[in-house]
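# all I have is the shape, not the residue letters:
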């Protein structure tokens, strides 16, 4: 039976700092440079467990800080036991259902591990595999992967899992929803019996409990309740607009001089750079902040934004985690996030300490499903602003492609909003000795 630790509110800050978690200096320095000093509840509870080499069952959604909860201790463990020799082997494998999550996890590992000397790469489908196989040939310590591309590259002989010491299965219930469980079981058969395993899922249906029982050995459990509400003081509005007109709508909104500063969110780094170019062409001072930017460039952009010498800061979700601006009044979702909890965290950048806050979201036809998930999560219908120069004309979303075997990583599948269910019984029997 797992040892259970219940955390009632993932938004509450803990009373300790990262220094007290016995994190080594290179990682601690990187964490501080990212703007973190106080761990979230799941980080506070999970990091010491993982550092002890204990298997972990985490009931947590995206947005609770769980990536750092496993990335930080994994980096520390691998740093302490670097093997001799020049050839790097895959010592930690993180499997996650979508390319977007895989990319975000890779960015986190690279950010927290920048001073460790460990190498990280990510593989996912829907893109040419050559850059990924080239990185694998050079040797990698930590691999983040989506199931389809991982099995494909294993079958081609580019990846071996025989040296994996720490395995992470992330978003397990979404794996189930997307039909990946059979692929995951295949991959599990290729892992060493003796390993540390970390298992994260937002819900615990019977199939997930059964899967966890085959992966984990005498685990500890950490449960975090999901983010389900937004700050009441924040005014929220939706603009329905065609994807091709979002740039024009953003420029139109920013003609309002009362908007002194605005934080704009995009899903990708490339998208952030494109938005900045459009704004600069329209004489709107803007800078981007994302994982491809050097640390000093990101810090300079953030300082300029806080001092209001830069009017608009365009950010991806991973880069925005360290953004904490007291007087920020406007957040603009240039693209609706495909994870409902991410919306809550985005707009939570404004309306702080009782200050005013306004969140605008641009929704095209393909994003309507994401908006429904958000409104279901926050239990609120977001008001629509329909009087604007660029109303939505294409009202019909593109149908999601039918999932086919071997092609599951193509595109972004919409996750279903989930709630944490407390399992009455996690495991009927313990796994055989590893």
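In hand now; what should we look at? These figures come from a predicted structure and were not determined experimentally.
# how far does stretch 364-383 stretch from start to finish?
End-to-end distance of stretch 364-383 (Cα to Cα, to the nearest Å): 16 Å.
# quick one: the helices in the stretch 51-200 of the chain?
All helices of the stretch 51-200 of the chain, identified by DSSP state H, counting those that start in this stretch, fall at 66-80, 99-112, 130-138, 147-155, 172-177, 181-188.
# give me the domain ranges for the chain.
In the assignment given by automatic domain parsing, the structural domains of the chain cover 3-224, 234-378.
# now these in TSV, with mean neighbour count and distance to residue 385?
(Glycine included, C-beta is placed from N, CA and C.) Converted to TSV, those look like this (neighbours: other Cβ atoms under 10 Å; distance: least, Cβ to Cβ, whole Å):
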stretch	mean neighbour count	distance to residue 385
domain 3-224	19	26
domain 234-378	19	5
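# and those domains as TSV, adding mean pLDDT?
Shown next, in TSV, are the domains of the chain (pLDDT from 0 to 100):
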stretch	mean pLDDT
domain 3-224	87
domain 234-378	88
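# redo the ones you listed as CSV? Include distance to residue 390.
Shown next, in CSV, are these (distance: least, Cβ to Cβ, whole Å):
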stretch, distance to residue 390
domain 3-224, 26
domain 234-378, 4
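# need the helices of the stretch 51-200 of the chain in JSON lines with distance to residue 350, can you?
As requested, the helices of the stretch 51-200 of the chain are arranged in JSON lines below (distance: least, Cβ to Cβ, whole Å):
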{"stretch": "helix 66-80", "distance to residue 350": "23"}
{"stretch": "helix 99-112", "distance to residue 350": "22"}
{"stretch": "helix 130-138", "distance to residue 350": "37"}
{"stretch": "helix 147-155", "distance to residue 350": "37"}
{"stretch": "helix 172-177", "distance to residue 350": "29"}
{"stretch": "helix 181-188", "distance to residue 350": "39"}
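# quick one: closest of these to residue 336.
Nearest of the helices of the stretch 51-200 of the chain to residue 336, taken as Cβ to Cβ: helix 99-112 at 13.0 Å.
# out of the domains of the chain, which comes closest to residue 392?
In terms of Cβ to Cβ, the element of the domains of the chain nearest to residue 392 is domain 234-378, at 3.9 Å.
# re the thing from before, quick one, which of the domains of the chain is nearest to residue 387?
domain 234-378 (10.1 Å).
# how long is that closest one end to end?
13 Å.
# tell me the contacts of residue 374?
For residue 374, the contacting residues are 336, 337, 340, 343, 382, by Cβ atoms under 8 Å, 6 or more residues apart in numbering.
# how about the secondary structure of it?
Under DSSP: H, G, I helix; E, B strand; the rest coil, residue 374 falls in the helix class.
# would you map the strands across the protein?
In the chain, the strands defined using DSSP state E lie at 3-7, 56-59, 92-95, 120-123, 142-145, 166-169, 196-201, 220-224, 234-240, 262-265, 286-289, 312-315, 330-333, 357-363.
# got TSV for those, with distance to residue 370 too?
Below are the strands of the chain laid out as TSV (distance: least, Cβ to Cβ, whole Å):
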stretch	distance to residue 370
strand 3-7	27
strand 56-59	23
strand 92-95	24
strand 120-123	23
strand 142-145	23
strand 166-169	24
strand 196-201	21
strand 220-224	22
strand 234-240	11
strand 262-265	13
strand 286-289	22
strand 312-315	18
strand 330-333	10
strand 357-363	8
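# between these, which gets nearest to residue 301?
It is, among those and with distance given as Cβ to Cβ, strand 286-289, at 4.1 Å.
# just to revisit the earlier point, residue 297: which of the strands of the chain is closest?
strand 286-289 (8.3 Å).
# just checking, what packs against that closest one?
With contacts taken as 3 or more Cβ pairs under 8 Å, 6 or more residues apart in numbering; DSSP states H and E, strand 286-289 sits against helix 269-281, helix 295-306, strand 312-315.
# could you measure from residue 260 over to residue 248?
Going from residue 260 to residue 248 by Cβ to Cβ, to the nearest Å gives 22 Å.
# ok, now residue 160?
As for residue 160, its distance to residue 248 is 50 Å (criterion: Cβ to Cβ).
# now residue 68
Note on residue 68: its distance to residue 248, by Cβ to Cβ, is 37 Å.
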